[in-house]
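Engineer: any chance you could fold what I've pasted below:
(2 chains)
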Amino acid sequence: MMEALARWFADLHERTGINLVVFYDPFDAARFFRGVLLTVEMAALCIVASVLIGAVGAWLQGSRWRCVRALVNAYVELVRNTPSMIQLYFLFFGLGPYIAAHNAHGQAEPLISGFTWAVVCFSFYTGAFNTETFRAGIDAVPRQTEEAAESLGYTRLGAYLYVVLPLALRISFPALSNNLVNLIKMTSVAYAIAVPEILYVSNQIWSDALNVPEMMNVVLVSYVLLVSGFNALMARIERRLRVPGLGC
Amino acid sequence: MLSARAFVLPAALLPGTAAAADGAAPAWLLLWQWTPAIASGFLMNVLISVAAMLLASLLGLAVGLGQLSGLAPWRRACHFLTHFFRNAPWLVVLFYCMLLLPFQLRLFGVALPFPDWAKAILGIAIGAAANVSEIVRGAVQSIPPGQWESAESLGFSRRQTVWLIVLPQCLRRMLPSWMNLYALVVVSTPLCNIVGVHEVMSVAGELLANQDRHDLLLPVYGYLLLWFFAYCYPIARLTRLLERRPAPSLP
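Structural biologist: Numbering: from 1, shown residues only, chains lettered A, B, ... in the order given. So this is what the prediction gives:
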């Protein structure tokens, strides 16, 4: 089956000149597949981290101490109003060299890879958006619900974790999906620091095979499929999480 | 292999050491001297963002209204375009425009140059237009259907209803989202550097290349972040202000 498909694409190249090399050449197919896998891995790590950052950030924004609230607000505003690409450069080129170790030859070698910096950067970027989204969701949970939880003996943290957050999550779910979709799209920016994700490996492939139009279309369709798949997943989760009587 | 796991703190990180000792200018002085060059580079980012946003608004308005058209094939095409380009990363669309558009256009036998910066504007505008399209659709749908019906009963055509009754009321509702999107367009302009358009990141890159000093990278990129923050933060504050004062509710 796979072989027949590969033969068909190789034949297509010979007949029409449309060179979809990733579908028939095992080397380029493996290269491209690793790129897709890396994008998925990066996106998955960032999604988990950014949602956690958002939850913690939103909780701290409701803090009793003004300085904590001011600090979280400063983080959110600073990150939201600056380009993620320059943030990535700032971390990777600016901060990266300071976190290094000597190798056997006495040369300084960065300890943190471009992939890790990209995950850190995009997680904190989307984390800022998630903080605001969750905050709006928490503010939409009626105050009485929290009071009821506290009167039942929940601590402040307990009421937040088990009562307010689950409700807030459902209220802010559409906005959260939107943030996470933007996150998946943002992973392509890691191209700038040579992380071998979809766009980067495709660039390598089109440089070798000289098939820019075909690869560009493959990249575009790959991302659209990836994001559409994620959207479908989020819609499913949203339906599963639905609580009768909450929201519409 | 990492044999000695000792972290090295370059001397330049400590105040008044190595870099300054061998006669090199301190970072703050260089940043001050480079400010005019960085400002002119940043102007390019602003110009790209303004042009891209204008183009995106026009395209987005057309496609957004198309999403509400009575013509089913046109409506479906606009819906598909909107969702396709909302799901595609802006950087990929930018690459697409950069690599696949010709360097000149032939119109009626006249060769018009199509420079890189124009392709970059188009590339960013396409991604932004998909968002404008959704903003327009949302705003038009937020106008109560009663208004459409009363306009029809007063003898307005569908086109007149859209342009004279519905859209003027939508403008105020679309403004906060539109400004939000503009801020997003501004912070995405450094992506043009990746595809070879000369803007603030390229300026910084050239200045840094002339110096070849690793201790300058952190302050320079931090300085660029501040420039973008100074431009985008007021827009964000104004947007918040407009959001807090919602448009008058409609019957």
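Engineer: doesn't B:A128 lie inside a helix?
Structural biologist: Yes - B:A128: assigned to a helix according to DSSP: H, G, I helix; E, B strand; the rest coil.
Engineer: surely B:W34 meets B:L207?
Structural biologist: Yes - judged on C-beta atoms under 8 Å, B:W34 makes contact with B:L207 at a distance of 5.4 Å. In this view, the C-beta of every residue, glycine as well, is placed from N, C-alpha and C.
Engineer: list the helices and strands the longest helix seen in chain A packs on?
Structural biologist: Longest helix in chain A, counting residues (DSSP state H): helix A:26-61. Helices and strands touching helix A:26-61, by 3 or more C-beta pairs under 8 Å, 6 or more residues apart in numbering or on different chains; DSSP states H and E, are helix A:66-80, helix A:114-140, helix A:173-186, helix A:198-209, helix A:212-241.
Engineer: tell me the contacts of A:P213?
Structural biologist: When contacts are counted by C-beta atoms under 8 Å, 6 or more residues apart in numbering or on different chains, A:P213 touches B:L99, B:L100.
Engineer: got the confidence number for it?
Structural biologist: At A:P213, the model reports a pLDDT of 87.
Engineer: one more: B:V92?
Structural biologist: On the pLDDT scale, B:V92 is placed at 92.
Engineer: wait, it touches A:S202, no?
Structural biologist: No - the pair B:V92 and A:S202 does not pass the contact test of C-beta under 8 Å, sitting 9.2 Å apart.
Engineer: neighbour count winner among those two?
Structural biologist: The neighbour count for B:V92 versus A:S202, taken as other C-beta atoms under 10 Å in any protein chain shown, is higher for A:S202 (28 against 22).
Engineer: against chain B, how distant is the more buried one?
Structural biologist: Distance, A:S202 to chain B, using C-beta to the nearest C-beta, to the nearest Å: 9 Å.
Engineer: quick one, what contacts that residue?
Structural biologist: Neighbouring residues of A:S202 by C-beta under 8 Å, 6+ apart: A:F32, A:G35, A:M215, A:M216, A:V218, A:V219.
Engineer: neighbours around the first one, how many?
Structural biologist: If I follow you right, that is A:F32. Neighbours of A:F32 (other C-beta under 10 Å): 23.
Engineer: one more: the second one?
Structural biologist: Residues near A:G35, counting by other C-beta under 10 Å, number 24.
Engineer: verify the stated contact: it with A:Y200.
Structural biologist: Yes - here A:G35 lies in contact with A:Y200, judged by C-beta under 8 Å, at a distance of 6.7 Å.
Engineer: before we move on, back to that, shared neighbours of B:W34 and B:L207, anything?
Structural biologist: Between them, B:W34 and B:L207 share the contacting residues B:V220, judged by C-beta under 8 Å, 6+ apart.
Engineer: mind checking which helix or strand the residue lying closest to B:C192 once chain neighbours are set aside is in?
Structural biologist: Using C-beta to C-beta, 6 or more residues apart in numbering or on different chains and skipping the chain neighbours, the partner closest in space to B:C192 is B:A120 (4.3 Å). For B:A120, the element it lies in under DSSP states H and E is helix B:116-141.
Engineer: ok and the following helix or strand past that helix relative to helix B:116-141, angle-wise?
Structural biologist: Using DSSP H and E, the helix or strand that directly follows helix B:116-141 along the chain is helix B:145-153. If you take axes from the mean of the first three to the mean of the last three C-alpha atoms, to 10 degrees, helix B:145-153 sits at 90 degrees to helix B:116-141.
Engineer: look at residue 38 and report its pLDDT.
Structural biologist: Using chain A. 95.
Engineer: could you do chain B instead?
Structural biologist: Here the pLDDT value assigned to B:I38 is 92.
Engineer: before we move on, what about A:V163?
Structural biologist: Looking at A:V163, the pLDDT reads 89.
Engineer: neighbours around it, how many?
Structural biologist: 18.
Engineer: checking it next. Helix, strand or coil?
Structural biologist: A:V163 ends up helix, using three-state DSSP.
Engineer: not counting its neighbours along the chain, what's nearest it?
Structural biologist: A:A149 (4.1 Å).
Engineer: dump the residue contacts of the one you found.
Structural biologist: Neighbours of A:A149 in contact, by C-beta under 8 Å, 6+ apart: A:G158, A:A159, A:Y162, A:V163, A:V164.
Engineer: that one sits in which helix or strand?
Structural biologist: Using DSSP H and E, A:A149 falls in helix A:143-151.
Engineer: now the contacts of A:S202 in a markdown table, with distance to B:R158?
Structural biologist: Below are the contacts of A:S202 laid out as a markdown table (distance: C-beta to C-beta, whole Å):
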| residue | distance to B:R158 |
| --- | --- |
| A:F32 | 48 |
| A:G35 | 48 |
| A:M215 | 43 |
| A:M216 | 39 |
| A:V218 | 41 |
| A:V219 | 40 |
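Engineer: thinking again about what came up before, so who does the residue nearest to B:C192 touch?
Structural biologist: With C-beta under 8 Å, 6+ apart, B:A120 has these contacts: B:I48, B:L94, B:C97, B:M98, B:C192, B:V195, B:V197.
Engineer: try B:V140
Structural biologist: B:G64, B:L65, B:L68, B:V162, B:V166, B:L167, B:C170.
Engineer: TSV please, covering these and showing secondary structure and neighbour count.
Structural biologist: Formatted as TSV, the contacts of B:V140 follow (DSSP: H, G, I helix; E, B strand; the rest coil; neighbours: other C-beta atoms under 10 Å in any protein chain shown):
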residue	secondary structure	neighbour count
B:G64	helix	26
B:L65	helix	20
B:L68	coil	15
B:V162	helix	18
B:V166	helix	20
B:L167	helix	17
B:C170	helix	21
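Engineer: between those residues, which is nearest chain A?
Structural biologist: Distance to chain A across these (C-beta to the nearest C-beta) is lowest for B:G64, with 17.4 Å.
Engineer: chain center to stretch B:218-226, what's the gap?
Structural biologist: Offset of stretch B:218-226 from its chain centre (C-alpha atoms, centre = their mean, to the nearest Å): 20 Å.
Engineer: give me the below-cutoff pLDDT ranges for chain B.
Structural biologist: By pLDDT under 70, the low-scoring segments of chain B are B:1-23, B:246-251.
Engineer: element containing the spatially closest residue to B:G205 that is not a sequence neighbour?
Structural biologist: Closest residue to B:G205 apart from its sequence neighbours, by C-beta to C-beta, 6+ apart: B:N193 at 7.6 Å. Using DSSP H and E, the element containing B:N193 is helix B:191-194.
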